[in-house]
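Novice: predicted structure and sequence below. I'll ask about it afterward.
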Amino acid sequence: MAQWGTVKEACGVFGVYAPGTAVAPLVFDGLFALQHRGQESAGMAVSDGDTITVVKEMGLVTSVFDARSLSSLQGHLALGHVRYSTTGPSTWHNAQPVYRAHGRAGFALGHNGNLTNVAALEDEAGMLPGVSGSDSDLIAELLAREFSPEGSEGDGNDLERALLSVLPRLEGAFSLGLMDERRLVAVRDPNGFRPLCLGRLDPEEEGGEGGWVVASESPALDIVGARFVRELAPGEMVVIDADGLRSSWPFAAERVDPRLCVFEFVYFARPDSLLYGRQVHAARHRMGERLAEESPVEADLVIGVPDSGVPAAEGFAARSGIRFGQGLVKNRYIGRTFIAPTQEARIEAVRRKLNPLRESIEGLRLIVVDDSVVRGTTTRQLIKMLREAGAAEVHLRISSPPFRWPCFYGIDTPVRDDLLAARMDVEEITRHLGADSVAYLSLDGLIGAIGVPGAGFCTACLTGDYPTAVPAPAGALVGTLTP
């Protein structure tokens, strides 16, 4: 699918607690490193120990913040967020961090993932369906209702108490960053569907006292000079304040079942990210190697679809002995085109984003390696472009199994009929896309290429095996919730 594909995944979270340091510039850099996880809106909340200031706006990180706005955000504690909507409309109201004014200064929340029991939570809270706007806003509302009444004498631990009450009631995917005026909190749901990691800022020789960083992916730690410490465990809540760092486990033990989304390795995560202790780039290279073993084909040149298809293409070429080359030029100044609102716009976006190198591919039999095919619209257009540029044959190789089932945990694929592999077999897909052949990596091949024996993955979009109960909107998924 690569970066011009049609799957959408929601959100990146970045938080810093660093006494003696003005952390807003660090959050800016961290969010910039996570921009691939969300391009609709960006925001941050900053605390100086007494007051929380929140700035959020629609657009990319660099359009929301500049040197002037960052200089006005003074404080040693901050939480940032980049968003792509999978629940709730793409509006300023749903930009994050979500803020609630309670207690001394209130609290802010950033969310990566999707809740699967929104209707039950709204009913429990006596809220009209959909009134919360987004599942992230719903979490904030539930937390606010647990705070001590305004004006009462509290001990400043309202946020932690509220989390211990609310978290066990949440179901689905939720990697959360939260903060009040004096503490930073990070939470990973008991399945660990979405990544979340912890880093350490070492004390500087002059000035800063050091501190802690939480981020959706490890490269965001690297960019601010933080040392990677570890990934948060599924079901873990970490609280960071003046007393240091402490962990707790708010969920029942029987709910803890690690199921990291396998598409973090296939597509979503940056290639330099560490997940389950493995670098994503190396795993993608091995996916290509396994794909070459499983689905060989005679050809002259192997090319990858930028960006996430390229490591797998390199692996395919290395294992097959067929030359690897560049067959597509990517316009680096266009963002992820899945933001395009219509099929027609997505088709046009392919030509704006990718252009074939005619002299490199003319008259050649091509193996085109991509990470996935979802709806197939953009893949079909790409193959058409390659043929127009003179490719003699186009053999499509996909470094993941067929995407056949909707996701409820943070990927925007709510209707099974939208998924090409749910409606067609491989032969039909080949004809529909206009390729000479199409082959997918097997599930065993994918898991083997990742190379973390015994690790848990969510493969629901590939197998229909959902780790948790999932909703079935009327008419949207009739007959599709069992494999």
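Specialist: The structure has been received and is ready for your questions.
Novice: how about the contacts made by Ser248?
Specialist: 164, 236-237, 239 (C-beta atoms under 8 Å, 6 or more residues apart in numbering). From N, CA and C alone the C-beta is placed, and that goes for glycine too.
Novice: low pLDDT regions in the stretch 51-200 of the chain?
Specialist: The stretch 51-200 of the chain contains residues with pLDDT under 70 at 85-93, 128-133, 150-155.
Novice: quick one, helices of it?
Specialist: With helices called from DSSP state H, counting those that start in this stretch, the stretch 51-200 of the chain shows them at 61-64, 67-71, 118-124, 135-145, 158-166.
Novice: return the most buried member of the ones you listed.
Specialist: Highest mean neighbour count of the helices of the stretch 51-200 of the chain: helix 135-145, a mean of 22 (counted as mean count of other C-beta atoms under 10 Å).
Novice: may I have it as CSV, with CA atoms only?
Specialist: Extracted C-alpha coordinates of helix 135-145, given in CSV (Å, rounded to 0.1, in the frame of the first residue of the first chain):
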residue,chain,number,x,y,z
ASP,A,135,-14.1,8.2,21.7
SER,A,136,-11.1,10.3,23.0
ASP,A,137,-13.5,13.0,24.1
LEU,A,138,-15.7,10.3,25.8
ILE,A,139,-12.7,9.0,27.8
ALA,A,140,-12.0,12.6,29.0
GLU,A,141,-15.6,13.1,30.0
LEU,A,142,-15.7,9.8,32.0
LEU,A,143,-12.5,10.8,33.7
ALA,A,144,-13.8,14.3,34.5
ARG,A,145,-16.9,12.8,36.2
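Novice: before we move on, back to that, which of the contacts of Ser248 are buried?
Specialist: By neighbour count, with 16 or more other C-beta atoms under 10 Å, those hold 236-237, 239 as buried.
Novice: circling back to that earlier point, the helices of the stretch 51-200 of the chain: which one's closest to Gly12?
Specialist: Gly12 sits nearest to helix 61-64 of all the helices of the stretch 51-200 of the chain, at 9.7 Å, using C-beta to C-beta.
Novice: give me the contacts around that closest one.
Specialist: 28, 31-32, 35, 41-43, 55-58, 82.
Novice: that older thread, for the helices of the stretch 51-200 of the chain, which one sits closest to Val262?
Specialist: When the helices of the stretch 51-200 of the chain are compared by C-beta to C-beta, helix 135-145 sits nearest Val262, at 22.3 Å.
Novice: tell me the mean pLDDT for stretch 297-314?
Specialist: What stretch 297-314 shows for mean pLDDT is 96.
Novice: okay, buried residues for it please.
Specialist: By neighbour count with 16+ other C-beta under 10 Å, stretch 297-314 contains the buried residues 297, 299-314.
Novice: give me the contacts around stretch 14-22.
Specialist: 23, 26-27, 30-31, 34, 74-81, 110, 177, 179, 183-184, 186, 201, 207-216, 220, 224, 240-242.
Novice: how far away from the center of its chain is it?
Specialist: Put simply, stretch 14-22 sits 24 Å off its chain's centre (C-alpha atoms, centre = their mean, to the nearest Å).
Novice: could I get it in CSV with only the CA atoms?
Specialist: Extracted C-alpha coordinates of stretch 14-22, given in CSV (Å, rounded to 0.1, in the frame of the first residue of the first chain):
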residue,chain,number,x,y,z
PHE,A,14,4.4,12.4,22.8
GLY,A,15,4.9,13.6,26.4
VAL,A,16,7.8,15.1,28.3
TYR,A,17,8.4,15.6,32.0
ALA,A,18,11.7,17.5,32.5
PRO,A,19,12.2,19.8,35.5
GLY,A,20,14.3,22.9,34.7
THR,A,21,13.7,22.5,30.9
ALA,A,22,11.5,24.4,28.6
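Novice: buried residues in it?
Specialist: Going by neighbour count (16+ other C-beta under 10 Å), the buried part of stretch 14-22 is 14-18, 21-22.
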